[in-house]
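>>> Got a predicted structure here, sequence first:
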Amino acid sequence: DRTIDYREMANQIARTAAHFLALGIKKQDRLGLCLKESAEHLITILALARIGIIPMTMDWRARPEENDRASEALGLRLIVTEPTSRVGAHCPVIALDDDWRRAVAKVTPVLESQAGWQDPIFISASSGTTAGAPKYSEMNHHQFYFAITGLHEVMALCGRHRLLATLPFMHFFGRVNCIS
């Protein structure tokens, strides 16, 4: 576990975004994130959103062939993994290891967002139980914002109510809602 303050997190987001750009990743490219829930995972998600790269969060516990099928179906350009993760071989893989951290520390941060309100922010996957195979759809910043902020209206929550809904990062970006 790791605790960081907002200033350090903002700096890490800006540097991580810059490092992805230095790797040749471009706006609207699709990347797989096969990471455990951690501060580094969240920083990576926010860095990709800043520069308009579309992540597909993948289950790090899945069999390599499952993630490989998703990679192929979505045309992922790169998969970002834990140093010990096993993923398929459909596209290049980069691990968030000590070499990654050293490279991120050396780049000049990207301070301004390059993503627009209507740009896709992530790819959502269904389990495929109704169709027999997973389905994928892109969600933009606008849709994501209203999906989260609209929840209290749908549930008609008021000041006496409390709601905490937590999902792993691989589901809806690890959506966590705390509403009073």
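Structure received.
>>> What are the buried residues along whatever helix or strand residue 101 lives in?
Assigned by DSSP states H and E, residue 101 belongs to helix 98-106. Residues of helix 98-106 classed as buried by neighbour count (16 or more other C-beta atoms under 10 Å): 100, 104. Bear in mind the C-beta positions are built from the backbone N, C-alpha and C, glycine included.
>>> Which elements pack onto it?
Applying 3 or more C-beta pairs under 8 Å, 6 or more residues apart in numbering; DSSP states H and E, we find helix 98-106 packed against helix 6-22.
>>> orientation of the helix it packs on relative to helix 98-106 in degrees?
With axes from the mean of the first three to the mean of the last three C-alpha atoms, to 10 degrees applied, the angle from helix 6-22 to helix 98-106 works out at 100 degrees.
>>> in helix 6-22, what counts as buried?
Result for helix 6-22 [16+ other C-beta under 10 Å]: buried residues 11, 12, 13, 14, 15, 16, 17, 18, 19, 20, 21.
>>> who's in contact with the next helix or strand after it?
Per DSSP H and E, the first helix or strand lying C-terminal to helix 6-22 is strand 30-34. Strand 30-34 has contacts (C-beta atoms under 8 Å, 6 or more residues apart in numbering) with 20, 25, 41, 44-45, 48, 53-60, 62, 67, 70-71, 74-82, 85, 87, 91, 123, 169.
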